[in-house]
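Asker: structure, please.
(one chain, ligands or ions: 1)
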Amino acid sequence: MELKGIAALVTGGASGLGRASAERLVEQGARVVIVDLPTSAGAETARAIGPSAKFVAADVTNEEQMQAAVEATAEFGDLRAVVHCAGRGGALRILDKEGNPGSLDHYEGIVRLNLVGSFNVLRLAAARMAKAEAMGEERGVIILTASIAAYEGQIGQIPYASSKAGIVGMTLVAARDLASRGIRVCTIAPGIFDTPLLARLPEPVKASLGASVPNPARLGRPEEFALLAEHIIRNPMLNGETIRLDGALRMAPR
Ligand SMILES: NC(=O)c1ccc[n+]([C@@H]2O[C@H](COP(=O)([O-])OP(=O)(O)OC[C@H]3O[C@@H](n4cnc5c(N)ncnc54)[C@H](O)[C@@H]3O)[C@@H](O)[C@H]2O)c1
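Answerer: Have a look, this model is predicted:
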């Protein structure tokens, strides 16, 4: 699908991978609704990108707020592309040092944001896309964001790894389910990217994380994620697949 003139929606668009995706889509001629939390830098991000971007504050796990965000894309035309980046980590051990079981609330919170939030965005965006006329052979493209932790979750990543594995599992079934509507679904599974998510780590830790990547031996750049998102939107044969974007990194147990 061509990007010029289409309406797109990017969640988590105030920061990191989402922000880079919003910038790239606008550069390529799309008009983008940035969805992020009200406390985020969404409004200033949209201002910095220019009149082809608009910020709508919403929590991706909230039905009404997310529905309103999807409706807000109408100002830019029929919704054709979604890049869903909103998500977060959060360490949890199955047992703490004293042998007590890990917090169920903590586990549920991360699964709710990463996995239930992805389904919420997927279903609401798909419902909107399905109503539009086809553009050539397709109606729209939805890109979800997993992580290589879906495959090689490290110790302490149990809620994150299992929520991201759920997104990988969702991808093919969603592509099959929405095929008759002309809507494609793909997922990007990033390795380690230099975003505000990693900002709390000291520089030497970031450097050693980068050095652990076989080639290129550095952290990924958010623009590289955005480049793949753009390609997925453009290439009609990409569907139902999770693509690792990780410089051949395979994470160790810790
Ligand atoms: N950075 C990495 O190394 C890396 C690696 C693998 C996967 N990922 C995944 O990529 C995605 C983006 O990560 P990032 O590094 O850009 O993180 P980031 O923290 O820079 O950006 C995430 C954005 O999501 C927003 N967000 C959080 N909860 C939300 C909610 N309930 N509703 C709406 N917006 C919400 C945040 O406000 C933030 O702006 C996440 O799903 C993350 O798990 C990142």
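Asker: which residues touch the residue of the stretch 51-200 of the chain found nearest the ligand?
Answerer: Among all residues of the stretch 51-200 of the chain, residue 87 sits closest to the ligand, at 2.3 Å; criterion: CB to the nearest ligand atom. All C-beta spots, glycine's among them, are computed from the backbone N, C-alpha and C. Residue 87 makes contact with 12, 113-114, 117-118, 145, 163, according to CB atoms under 8 Å, 6 or more residues apart in numbering.
Asker: same thing with residue 71?
Answerer: Under the contact definition (CB under 8 Å, 6+ apart), the residues listed for residue 71 are residue 128.
Asker: contacting residues around residue 214?
Answerer: Residues in contact with residue 214 (CB under 8 Å, 6+ apart) are 247-249.
Asker: actually residue 13, sorry about that
Answerer: Contact analysis of residue 13 by CB under 8 Å, 6+ apart lists 19, 21-22, 32, 34-36, 42, 45, 55, 83, 85.
Asker: leaving out chain neighbours, which residue sits closest to residue 241?
Answerer: Ranked by CB to CB, 6 or more residues apart in numbering and with sequence neighbours excluded, the top spatial neighbour of residue 241 is residue 186, at 5.5 Å.
Asker: that neighbour - that's part of a strand, no?
Answerer: Yes - the assignment for residue 186 (DSSP: H, G, I helix; E, B strand; the rest coil) places it in a strand.
Asker: residue 140 is in contact with that one, correct?
Answerer: No - counting by CB atoms under 8 Å, residue 186 does not reach residue 140; the two are 12.0 Å apart.
Asker: among these two, which residue is more densely surrounded?
Answerer: Relative neighbour count places residue 140 above the other of residue 186 and residue 140, with 28 against 24, counting by other CB atoms under 10 Å.
Asker: pLDDT value on the more buried one, please?
Answerer: With respect to pLDDT, residue 140 scores 98.
Asker: what's around the residue nearest to it when sequence neighbours are not counted, how many residues?
Answerer: Distances taken as CB to CB, 6+ apart put residue 129 closest to residue 140, at 3.5 Å, once the chain neighbours are dropped. Burial measure for residue 129: 24 neighbouring residues, criterion other CB under 10 Å.
Asker: lowest average confidence, helix or strand, in this protein?
Answerer: For the chain, using mean pLDDT, DSSP states H and E, the weakest element among its helices and strands is helix 203-211, scoring a mean of 90.
Asker: residue numbers of the stretch 151-254 of the chain in contact with the ligand?
Answerer: When proximity is defined as CB under 6 Å from any ligand atom, the stretch 151-254 of the chain approaches the ligand at 190, 192-193, 195-198.
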